[in-house]
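Enquirer: Turn this into a model:
(2 chains)
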Amino acid sequence: MKTEITGKIIIVGDNIDTDQIYPGRFLALTDPAEIGSHCLCGVDESIAASFPKGGIVVAGRNFGCGSSREHAPIALLSMGASAVLADSFARIFFRNSINLGLPLIICKDISKKVENGQTLTLDIEKGTVTVEETGAVYECERLGDQAMKILEAGGIKPLMRARMGIK
Amino acid sequence: MHALEKILAKNSGRTEVHTGEIVTAKVDFAEINDLYLQTVYSFYEMGGDKVWDNEKCAFVFDHYAPAPDIKSASNHNEMREFAKKNDLKFHFDTNCGVCHQVMAEAGVIYPGMIVVATDSHTTTHGAFGAMGTGVGATDMATILMTGELWFRVPEIIEIRLEGEAPKGVYPKDVVLHVLGKIKADGAVYKAIDFTGSYVENLNVAGRMVICNMAVEMGAKTAYMQPNQDVLDYVSARAVRPYEIQHTDPGYQYQESYVFDVSALEPQLACPHSVDNVEPLPEVLKKGEVLLNQGYIGSCTGGREEDIAIAAQILRGKQIPKYSRLVVVPASAEVMQECIRKGYLLDLMQAGATISTPGCGACLGAHEGVIAPGEVCITSTNRNFPGRMGSTEAKLYLASPATVAASILNGRITDPRAYL
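Expert: Predicted structure coming up:
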């Protein structure tokens, strides 16, 4: 598992719910690429098309609240997001994201300390975020053992395949 | 220990559990709704062959019932194939209704159990003294393979509701008021135990409304100690024997909040957030709110009690020209009862559109989606931007009585003058 992630950021607000990440009208879709093309369209329809590959989404409080739809982290991953930093995350969205190998890191007030388009380096093991442009370093929360175990395996699917004795 | 901790301990083969611990617990019933074909894909990707127990899991086709387009119709077929292959004992096709109502009616929900579903509103089943929680597709696939799931034992907070609600104030108003105070992230990762005299005297439908909306505060699960109404309901339906769990005397909640409901007024959650709650008269003081659509339905506000009060308010009257009222019964059982009692006839004669049981327009899939610039008042659970259609539309959450009185006037209206 890559414990250091570097990417350009986009900043969104508080309480960005799963309807804004991935609206209900697209829920019948199953192709990840197609799902990714609608990511965050409830915030701004132009985000998905212009999202920097490997970019990091920075948000305020309660990111991912609302529905249990796994389309939300699928959309973020497929759009090219490599991590999400926020003040807090909703519970089901947190599980879904970790299960799919998308790191979600709690970093208090980070959305107020950085600017759109800056490049951040996130060190998941150390629990730090570095702003490449300014050199500023911020502390973030470290993931729990259970979440780390799943992320290190590359998500719940490889973990389960190993448990079932399947290569 | 709290009753919820006893449920977690029992299902994980322990004598006790502690807050913050990770436990692996057996799931007593697992439900997959029709948004989650990914569950089937993840199941096979992880090497699944057959489900762990064909009597303890089921599909409910509710979000796309009946199928609004070719893609969802095809998704249903892939899920039917999976159900057939696994010979699932329970199957709820497009003729049944919203999963949370349908499961309770079918008797697969009972006190002391763990129910996990691919739906955030699974907190609803706290109404029955069960531990209900929502997961995504891949977590569900792991349950289908193993019959268990890992849980972090949550902090438990108490929301004590005391007193008797005044006329015109319904469980929806009570929970909206609480949500306005606790806020949308006030209970993230936590369990909410609703206690107090209001809860002790509340019927099954009202309990389901309040536990349903617990997830709008971020809660992992909700709980209410079963009362006689619950026992009457489940004893007539439960498919398995059950054991009611009780919280030990002196249990220390992480936090306790007390609300007196006896002076409460009808409440509204205003656009675009579930916790943007104000008493209805306060909203009206700022000016009138003209409406295009009223909506009564969903796992929150589509039960017999909800449709009955709307029928009572609208009987013999007409909603205004150019406005709409969409009514979506939560289940086929609810719909049949409302047909027998004449409620649907009353509503249709008042100008309502009655749609098939299911989730309908609550999540913007079909059956009453709204256009840019429109305003809708709804008995459902979420008013996020774009939830019921256009991100440029506005949604007000309210009790079914407020929805009915409001659409009758074409503007947000206090229902108390109509009761």
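
Enquirer: Please count neighbours and contacts with C-alpha atoms only from this point.
Expert: Noted.

Enquirer: Residue B:150: what's it in contact with?
Expert: Residue B:150 makes contact with B:22-25 under the criterion Cα atoms under 8 Å, 6 or more residues apart in numbering or on different chains.

Enquirer: which among these are in contact with chain A?
Expert: residue B:22 (Cα under 8 Å from any Cα of the partner chain).

Enquirer: ok, residue 53 - contacts?
Expert: In the absence of a named chain, this looks at chain A. Under the criterion of Cα under 8 Å, 6+ apart, the contact list for residue A:53 reads A:7, A:79-81.

Enquirer: try again with chain B
Expert: By Cα under 8 Å, 6+ apart, residue B:53 lies in contact with B:144, B:147.

Enquirer: Show the model's pLDDT score for it.
Expert: pLDDT for residue B:53: 98.

Enquirer: Residue of the stretch 301-419 of chain B nearest chain A, please.
Expert: Taking Cα to the nearest Cα as the measure, the stretch 301-419 of chain B has residue B:365 as its residue closest to chain A, at 5.1 Å.

Enquirer: how many neighbours does that residue have?
Expert: Under the neighbour criterion other Cα atoms under 10 Å in any protein chain shown, residue B:365 is assigned a count of 23.

Enquirer: what's the neighbour count on the closest residue to residue A:37 other than its chain neighbours?
Expert: Sequence neighbours aside, residue A:48 is the residue nearest to residue A:37 in space, at 5.6 Å (criterion: Cα to Cα, 6 or more residues apart in numbering or on different chains). Look at residue A:48: counted by other Cα under 10 Å, it has 20 neighbours.

Enquirer: what do you get for the one 10 residues further on?
Expert: Using other Cα under 10 Å, residue A:58 has 25 neighbouring residues.

Enquirer: Verify the contact between residue A:29 and residue B:70 for me.
Expert: No: counting by Cα atoms under 8 Å, residue A:29 sits too far from residue B:70 to count as a contact (11.0 Å).

Enquirer: Which of the two has more residues huddled nearby?
Expert: Using other Cα under 10 Å as the criterion, residue A:29 and residue B:70 rank with residue A:29 on top: 17 against 10.

Enquirer: who's in contact with that one?
Expert: Remark: with contacts taken as Cα under 8 Å, 6+ apart, residue A:29 is in contact with A:35, B:71.

Enquirer: What helix or strand is it located in?
Expert: Under the assignment given by DSSP states H and E, residue A:29 is not contained in any helix or strand.

Enquirer: where does chain B come near chain A, residue by residue?
Expert: Near chain A, the residues belonging to chain B are B:22, B:35-38, B:42, B:45-47, B:71-72, B:75, B:118-120, B:134-139, B:142, B:184-185, B:188-189, B:215-216, B:218-220, B:363-365, B:384-387, B:389, B:391 when assessed by Cα under 8 Å from any Cα.

Enquirer: In helices, which of these fall?
Expert: Under the assignment DSSP state H, these contribute B:37-38, B:42, B:45, B:71-72, B:75, B:137-139, B:142 to helices.

Enquirer: follow-up on the earlier one: of the contacts of residue B:150, which is the nearest to chain A?
Expert: Checking the contacts of residue B:150 against chain A with Cα to the nearest Cα, the nearest one is residue B:22 at 7.8 Å.

Enquirer: so what's that closest one closest to, chain neighbours aside?
Expert: Counting by Cα to Cα, 6+ apart, residue B:22 lies nearest to residue B:152, which is 4.4 Å off, once chain neighbours are set aside.

Enquirer: Determine the number of other residues adjacent to that neighbour.
Expert: Using other Cα under 10 Å as the criterion, residue B:152 is surrounded by 18 other residues.

Enquirer: that's a strand at residue B:377, yeah?
Expert: Yes: checked against DSSP: H, G, I helix; E, B strand; the rest coil, residue B:377 lies within a strand.

Enquirer: Show me just the buried residues among the residues of chain B next to chain A.
Expert: For these, burial is judged from neighbour counts taken by 16 or more other Cα atoms under 10 Å in any protein chain shown, and it is met by B:35-38, B:42, B:46-47, B:72, B:75, B:118-120, B:134-139, B:142, B:184-185, B:188-189, B:215-216, B:218-220, B:363-365, B:384-387, B:389, B:391.

Enquirer: residues from chain A in reach of chain B?
Expert: Taking Cα under 8 Å from any Cα as the test, the list of chain A residues beside chain B reads A:15, A:17, A:19-20, A:23-25, A:27-30, A:42, A:61-62, A:65-70, A:89-93, A:95-96, A:99, A:146, A:156-158, A:160-161, A:164, A:166.

Enquirer: What segments of the stretch 101-250 of chain B are helices?
Expert: Assigned helices in the stretch 101-250 of chain B, in chain order: B:137-146, B:171-182, B:197-200, B:204-212, B:228-235 (criterion: DSSP state H, counting those that start in this stretch).

Enquirer: before we move on, what SS does the nearest residue to residue B:164 once chain neighbours are set aside have?
Expert: Leaving aside its sequence neighbours, residue B:164 sits nearest to residue B:262 (Cα to Cα, 6+ apart; 5.1 Å). Under the three-state scheme (three-state DSSP), the conformation of residue B:262 reads as coil.

Enquirer: contacting residues for the residue in the stretch 201-350 of chain B that chain A sits nearest to?
Expert: For the stretch 201-350 of chain B, the nearest residue to chain A under the criterion Cα to the nearest Cα is residue B:218, separated by 6.3 Å. The contact partners of residue B:218, by Cα under 8 Å, 6+ apart, come to A:65, A:90-91, B:184-190.

Enquirer: just those now: which is nearest residue B:130?
Expert: residue B:190 (15.5 Å; Cα to Cα).

Enquirer: What is the neighbour count of the closest one?
Expert: Taking other Cα under 10 Å as the criterion, the count of residues near residue B:190 is 22.

Enquirer: residue contacts, it?
Expert: With contact taken as Cα under 8 Å, 6+ apart, residue B:190 is in contact with B:154-157, B:218-221.

Enquirer: just checking, the residue of the stretch 301-419 of chain B closest to chain A touches residue A:19?
Expert: No: with contact defined as Cα under 8 Å, residue B:365 does not count as touching residue A:19 (11.6 Å).

Enquirer: Residue B:80: helix or strand, and which one exactly?
Expert: Secondary structure here is read from DSSP H and E; on that basis residue B:80 sits in helix B:70-85.

Enquirer: Can you classify the residue nearest the centre of chain A by secondary structure?
Expert: Taking Cα atoms, centre = their mean, the centroid of chain A lies closest to residue A:84, which sits 3.3 Å from it. For residue A:84, the secondary structure call by three-state DSSP comes out as strand.

Enquirer: in the sheet, who's paired with it?
Expert: Taking DSSP bridges as the rule, residue A:84 bridges to residue A:57, residue A:104.

Enquirer: Out of the residues of chain A next to chain B, name the ones that lie in helices.
Expert: Using DSSP H, the members of the residues of chain A next to chain B that fall in helices are A:19-20, A:91-93, A:95-96, A:99, A:146, A:156-158, A:160-161.

Enquirer: and those as TSV, adding neighbour count and pLDDT?
Expert: What follows is those, written out as TSV (neighbours: other Cα atoms under 10 Å in any protein chain shown; pLDDT from 0 to 100):
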residue	neighbour count	pLDDT
A:19	30	93
A:20	25	95
A:91	25	95
A:92	28	96
A:93	28	97
A:95	23	96
A:96	25	97
A:99	26	97
A:146	14	94
A:156	25	96
A:157	23	96
A:158	21	96
A:160	21	94
A:161	15	95
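
Enquirer: Dump those residues into TSV; add distance to residue B:194 as well.
Expert: Shown next, in TSV, are those (distance: Cα to Cα, whole Å):
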residue	distance to residue B:194
A:19	28
A:20	30
A:91	20
A:92	21
A:93	24
A:95	25
A:96	27
A:99	31
A:146	29
A:156	33
A:157	36
A:158	39
A:160	36
A:161	40
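
Enquirer: Can you tell me which of those residues is closest to residue A:74?
Expert: Nearest to residue A:74 among those, counting by Cα to Cα, is residue A:96 at 9.0 Å.

Enquirer: Look up how far residue B:90 lies from the closest one.
Expert: When Cα to Cα, to the nearest Å is applied, the distance between residue A:96 and residue B:90 equals 26 Å.

Enquirer: I am finished for the moment; much appreciated.
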